[in-house]
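[1] can't give you the sequence, but here's the structure:
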């Protein structure tokens with residue numbers, strides 16, 4: 001959302017979509033309470049401005065709320081070893097998506113493929 005242009009309300013729509021898609025996680029973020037309230041009051045522009053002004057603080061708070069991606073990785077390995085390989089792939093996808101750059105995602109995939117437990121998941 002942060003990288004979307006203001007033209008045609010693209011960033012406003014992206015923020016609104018993210019708030020709806022991740023509602024359960026974001027309810028635990030106190031810094032987003034005002035933003036969510038403004039969206040509920042149909043004050044979308046003000047909500048988006050407030051979000052952008054406090055983006056770094058919101059981002060830091062969300063990192064605390066979200067589990068470390070290594071928890072998902074360990075969960076995927078455990079699932080494979082417990083005979084529940086169907087659970088491993090969604091958790092590996094979460095790990096993949098948590099990587100900050102394309103190169104980090106590539107390295108992660110190579111490491112996952114080299115992992116004895118996850119090679120065939």
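    Looks like it arrived, so ask away. The structure presented is a predicted model; accordingly, all values stated were derived computationally and were not measured.
[2] what stretches of this structure score poorly on pLDDT?
    Of all residues in the chain, those with pLDDT under 70 make up the ranges 1-2, 25, 63-68, 120-121.
[3] Which residue ranges make up the domains of the chain?
    7-65, 69-114 (automatic domain parsing).
[4] would you turn those domains into JSON lines with mean neighbour count?
    Placement of C-beta: from N, CA and C, glycine included. Written out in JSON lines, the entries for the domains of the chain read as follows (neighbours: other CB atoms under 10 Å):
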{"stretch": "domain 7-65", "mean neighbour count": "14"}
{"stretch": "domain 69-114", "mean neighbour count": "15"}
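[5] Identify the residues contacting the residue most central in space within the chain.
    Residue closest to the mean C-alpha point of the chain, counted by CA atoms, centre = their mean, is residue 98 at 6.7 Å. With contacts defined as CB atoms under 8 Å, 6 or more residues apart in numbering, residue 98 is in contact with 69, 72.
[6] Quick check: the gap between residue 107 and residue 77.
    According to CB to CB, to the nearest Å, residue 107 stands 17 Å off from residue 77.
[7] let me fix that: residue 29
    Counting by CB to CB - residue 29 and residue 77 are separated by 29 Å.
[8] again with residue 13
    Counting by CB to CB, the gap between residue 13 and residue 77 amounts to 38 Å.
[9] ok, now residue 33?
    Separation of residue 33 from residue 77 (CB to CB): 37 Å.
[10] again with residue 111
    In terms of CB to CB, residue 111 sits 12 Å off from residue 77.
[11] before we move on, what about residue 20?
    Distance of residue 20 to residue 77, given as CB to CB: 32 Å.
[12] next one: residue 11
    When CB to CB is the yardstick, residue 11 and residue 77 sit 38 Å from each other.
[13] Also residue 48?
    When CB to CB is applied, the distance between residue 48 and residue 77 equals 40 Å.
[14] With residue 58 instead?
    Summarising the geometry, the distance separating residue 58 from residue 77, computed by CB to CB, is 32 Å.
[15] And residue 56, by the same measure?
    Here residue 56 is placed at a distance of 33 Å from residue 77 (CB to CB).
[16] swap in residue 35?
    Plainly put, residue 35 is 37 Å away from residue 77 if you go by CB to CB.
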